[in-house]
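**Student:** build me a model:
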Amino acid sequence: MKKNYTLGIIAATVLLGATVTGVSANAVWAAKPTNLIGATTAANIAKKAVGNHAQVKDVELERENNGKVYYEVELRHGDKDWDIDVDAYTGKTIRSHSELNDDSNDKSSFNKPNHVTITEKQAGQIALKNVPGTLLSTKLDKEDGRFIYDVKVLTDEGTVELEIHAVSGAIVDMDKDFDDDRYDDDHNESLRP
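**Tutor:** Numbers count the residues shown, from 1 in each chain. Below you'll find the model as predicted:
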């Protein structure tokens with residue numbers, strides 16, 4: 001009888017220890033990073049590395065398997081596309097990579113249909129009215145038979161991508177990629193019915 005009692009205590013101790021360990025590990029993963037330099041600062045650091053006239057296309061907070069947290073900044077400068085990784089805490093450039101822009105040889109123009117009433121500039125203004133930040137890009141695209149402006153805005157928290165109806169100016173979709181979304185989880189706020 002004494003053996004069963006001792007085995008029960010050992011089993012309970014092991015189980016309790018595993019539970020406490022599991023809770024503490026989850027608490028560590030659930031903790032939000034602090035003291036990050038921010039997406040805007042990372043974008044400015046990357047622009048300095050490539051050239052101040054570079055166009056920032058996207059900024060995402062990433063985490064490597066070893067736990068290193070960094071901003072991946074995508075830029076276009078001249079006929080090259082750049083990926084610059086910036087340490088999220090120190091602002092140090094970790095690595096950079098460039099390749100020839102695939103669109104550099106495509107000189108064909110995209111003819112804007114007559115029924116598109118919103119201009120690129122107006123689409124950018126609509127986006128900035130709803131999401132304060134820096135306008136990264138505005139591009140007219142045809143999606144599901146309708147013309148939509150794909151607009152990217154850089155905020156201190158990360159990148160927001162909006163789809164704006166090219167006729168009505170209505171925001172039909174908004175996708176936020178923010179620092180506090182636990183490393184590159186997209187949180188889609190679809191406004192489609």
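**Student:** ok, which stretches of this protein are helices?
**Tutor:** Applying DSSP state H to the chain gives helices spanning 2-30, 39-50, 120-130.
**Student:** and the shortest one, what's buried?
**Tutor:** Going back to what we said before, that points to helix 120-130. Residues of helix 120-130 classed as buried by neighbour count (16 or more other C-beta atoms under 10 Å): 120, 123-127. C-betas here are computed from N, CA, C, even on glycine.
**Student:** burial of the closest residue in space to His77 that isn't next to it in sequence, as a residue count?
**Tutor:** The shortest distance from His77 to any non-neighbouring residue, by C-beta to C-beta, 6 or more residues apart in numbering, is to Ala54 (3.9 Å). Neighbourhood size, Ala54 [other C-beta atoms under 10 Å]: 20.
**Student:** show me where this protein has strands.
**Tutor:** Secondary structure of the chain (DSSP state E): strands located at 55-63, 69-77, 80-87, 93-100, 134-143, 146-154, 158-165, 171-178, 187-190.
**Student:** mind putting those in JSON lines, mean neighbour count included?
**Tutor:** Shown next, in JSON lines, are these (neighbours: other C-beta atoms under 10 Å):
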{"stretch": "strand 55-63", "mean neighbour count": "19"}
{"stretch": "strand 69-77", "mean neighbour count": "21"}
{"stretch": "strand 80-87", "mean neighbour count": "20"}
{"stretch": "strand 93-100", "mean neighbour count": "13"}
{"stretch": "strand 134-143", "mean neighbour count": "16"}
{"stretch": "strand 146-154", "mean neighbour count": "21"}
{"stretch": "strand 158-165", "mean neighbour count": "23"}
{"stretch": "strand 171-178", "mean neighbour count": "18"}
{"stretch": "strand 187-190", "mean neighbour count": "11"}
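**Student:** pick out the shakiest of those strands, pLDDT-wise.
**Tutor:** Ranked by mean pLDDT, those end with strand 187-190 in last place, scoring a mean of 44.
**Student:** quick one on the thing from earlier: now the strands of the chain as a markdown table including distance to Thr34?
**Tutor:** Below are the strands of the chain laid out as a markdown table (distance: least, C-beta to C-beta, whole Å):
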| stretch | distance to Thr34 |
| --- | --- |
| strand 55-63 | 13 |
| strand 69-77 | 11 |
| strand 80-87 | 15 |
| strand 93-100 | 20 |
| strand 134-143 | 24 |
| strand 146-154 | 21 |
| strand 158-165 | 16 |
| strand 171-178 | 15 |
| strand 187-190 | 20 |
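**Student:** quick one: which of the ones you listed is nearest His115?
**Tutor:** When those are compared by C-beta to C-beta, strand 146-154 sits nearest His115, at 8.0 Å.
**Student:** counting contacts, what elements does the closest one pack onto?
**Tutor:** helix 39-50, strand 55-63, helix 120-130, strand 134-143, strand 158-165 (3 or more C-beta pairs under 8 Å, 6 or more residues apart in numbering; DSSP states H and E).
**Student:** just the residues contacting the shortest one, thanks.
**Tutor:** Judged by C-beta atoms under 8 Å, 6 or more residues apart in numbering, the contacts made with strand 158-165 from elsewhere in the structure are 39, 58-61, 118, 123, 126-127, 130-131, 133, 136, 143, 146-153, 170-179, 181.
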